[in-house]
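**Student:** Coordinates for the following, if possible.
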Amino acid sequence: MQFPSGPRFVSIVIPCLDEQDAIGAVVRDVLAQGGDQVIVVDNGSTDGTRDAAMAAGATVVAQPQRGYGRACAKGLAAVAPEAEFVCFLDGDGSDVPSYLAAVVGPIVAGEADFVMGSRLRGSREPGSMTPQQIVAGWVAGHLIRAVYRVHYTDMSPFRAARVDRLRALGMTEQTYGWNLEMQMKVAAGGWRVLEIPVDHRCRRGGVSKVSGDLAAGMKAAWIITTTFVRLATSLRAEAASSRTAGR
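**Tutor:** Next comes the predicted model:
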């Protein structure tokens, strides 16, 4: 991709499950923004997602064992050796690829270590976010702020970091805890965090994997809270172990 400082190699990872109606346009839009490598991770699709992504110009890798975290990890492992930066976004067309340079740019410029596009701070099409997405982002943001003094407003999938630093985080979550784990480990590690407002659209096809009602929102809040407690406990234990080993 081209930045004010010059060209830098950016890989874009798009985890996908049954998104044949949207993925082709998403890949083409990302490539139009100058993305150097687009990796679509097929997470066990039973439709034409793989063929549509390949036809649009993506590299497709398979992760048949379902799980959002598994798909993201597979994509991260598949980035080109020359890739310096990696950006994640969804394959349903809800994320807006024209914000790609805005998300990656502050890291390229050395102004941040982790950048996330906040859907809550940007403009959203009506109905583009489910109640549980909004509630989960709010709960996660307040919990992380209380413990790590880092303020997040969202758990957006649209996020970027340096490839080497992200790999060094040692991500382990295999399902939807992946995003929360990343945000917590980044905060605990003292990374410079930046949120930027991004627009968000309704999905461009297919069916949401998450239903949108108040009960689902409360369930999401509970899952986020319990996941946070589990991860915070393990991070505290890791830190204590490191301090002991360093004595």
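**Student:** Run through the protein and note the low-pLDDT ranges.
**Tutor:** Residues of the chain meeting the criterion pLDDT under 70: 207-220, 245-247.
**Student:** so what's Met54 closest to, chain neighbours aside?
**Tutor:** Excluding its sequence neighbours, the residue lying closest to Met54 (Cβ to Cβ, 6 or more residues apart in numbering) is Val60, at 5.3 Å. (Each C-beta comes from the backbone N, C-alpha and C, glycine too.)
**Student:** roughly how far apart are that neighbour and Met171?
**Tutor:** Separation of Val60 from Met171 (Cβ to Cβ, to the nearest Å) stands at 22 Å.
**Student:** In a strand, Glu195, correct?
**Tutor:** Yes - according to DSSP: H, G, I helix; E, B strand; the rest coil, Glu195 belongs to a strand.
**Student:** before we move on, back to that, of Val60 and Met171, which one has the most company?
**Tutor:** Val60 (20 against 17; other Cβ atoms under 10 Å).
**Student:** Surely that one is within a strand?
**Tutor:** Yes - counting by three-state DSSP, Val60 is part of a strand.
**Student:** That one and Val38 touch, don't they?
**Tutor:** No - the criterion here is Cβ atoms under 8 Å, and Val60 misses it with Val38 at 9.5 Å.
**Student:** give me the number of residues near Ala52?
**Tutor:** 24.
**Student:** Would you mind measuring from Tyr148 to Met155?
**Tutor:** From Tyr148 across to Met155, the span is 15 Å (Cβ to Cβ).
**Student:** quick one: which of the two has more around it?
**Tutor:** Met155 (25 against 20).
**Student:** so who does Ala160 touch?
**Tutor:** 85-88, 103-104, 107, 114-116 (Cβ atoms under 8 Å, 6 or more residues apart in numbering).
**Student:** what do you get if the cut-off is 6 Å, keeping everything else the same?
**Tutor:** 87, 103-104, 107, 115 (Cβ atoms under 6 Å, 6 or more residues apart in numbering).
**Student:** Just give me how far the helix ranked longest in the chain sits from the chain centre.
**Tutor:** When the chain is parsed with DSSP state H, its longest helix is helix 214-245. From the chain centre to the centre of helix 214-245 is a distance of 18 Å (Cα atoms, centre = their mean, to the nearest Å).
**Student:** counting contacts, what elements does that helix pack onto?
**Tutor:** Packing partners of helix 214-245 (3 or more Cβ pairs under 6 Å, 6 or more residues apart in numbering; DSSP states H and E): helix 131-148, helix 177-188.
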